[in-house]
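Novice: return atomic coordinates for the entry below.
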Amino acid sequence: MTTAVIYSNGSQECDRIAQLLNALPNVETFHRYELDEHFTKQQFEMEFGGDAPYPQIQIDNQHIGSMKEALQYMQKKEMLDKQRHTM
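Specialist: You can find the predicted model right below:
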């Protein structure tokens, strides 16, 4: 099973990727770390670089990158074909 982590600043993009990751059946564990609650801006910049966008995503202890990079990674790994369908 897969573990996913996002580093969020509370933006709409962060909310969207969090919803997507929660909808994937193979993502067993999901952690969301929030700016000013779990880390500071300085810690974020030291970890990911001063120009890194929010959110930053990590999947199975591998830093993937931004939301766009994470979507490309998930598509390549065929993770997006296996969403839970809830009604």
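
Novice: check which helix or strand residue 78 maps to.
Specialist: Using DSSP states H and E, residue 78 sits within no helix or strand.

Novice: and if you look at residue 45?
Specialist: Residue 45 belongs to helix 41-48 when assigned by DSSP H and E.

Novice: do residue 3 as well
Specialist: Going by DSSP H and E, residue 3 is in strand 2-8.

Novice: contacts for the helix holding residue 45?
Specialist: Contact with helix 41-48 is made by 7, 35, 39, 52, 56, 63, as judged by CB atoms under 8 Å, 6 or more residues apart in numbering. C-beta coordinates here come from the backbone N, C-alpha and C atoms, glycine included.

Novice: among these, which are in strands?
Specialist: Among the contacts of helix 41-48, the members falling in strands (DSSP state E) are 7, 56, 63.

Novice: tell me how many other residues surround the second one.
Specialist: A count of neighbours around residue 56, defined by other CB atoms under 10 Å, yields 24.

Novice: is it bridged to anything, and to what?
Specialist: Following DSSP bridges, residue 56 is listed with bridge partners residue 7.

Novice: state the pLDDT value of it.
Specialist: Predicted confidence (pLDDT) for residue 56: 98.

Novice: what does the one 10 residues further on give?
Specialist: Residue 66 is assigned 97 on the pLDDT scale.

Novice: ok, now which ones touch it?
Specialist: Contacts of residue 66 were listed using CB under 8 Å, 6+ apart, and they are 52, 53, 55, 56, 57.

Novice: which parts of the longest helix along the chain are buried?
Specialist: Under DSSP state H, the helix in the chain containing the largest number of residues is helix 12-23. Neighbour counts over helix 12-23 (16 or more other CB atoms under 10 Å) mark 13, 14, 17, 18, 20, 21 as buried.

Novice: quick check, nearest of those to residue 3?
Specialist: The nearest member of those to residue 3, counting by CB to CB, is residue 21 at 10.1 Å.

Novice: low-scoring pLDDT stretches of the protein, where are they?
Specialist: Low-confidence segments of the chain (pLDDT under 70): 82-87.

Novice: kindly recompute the last result at 50.
Specialist: Judged by pLDDT under 50, the chain has its weakly predicted residues at 87.
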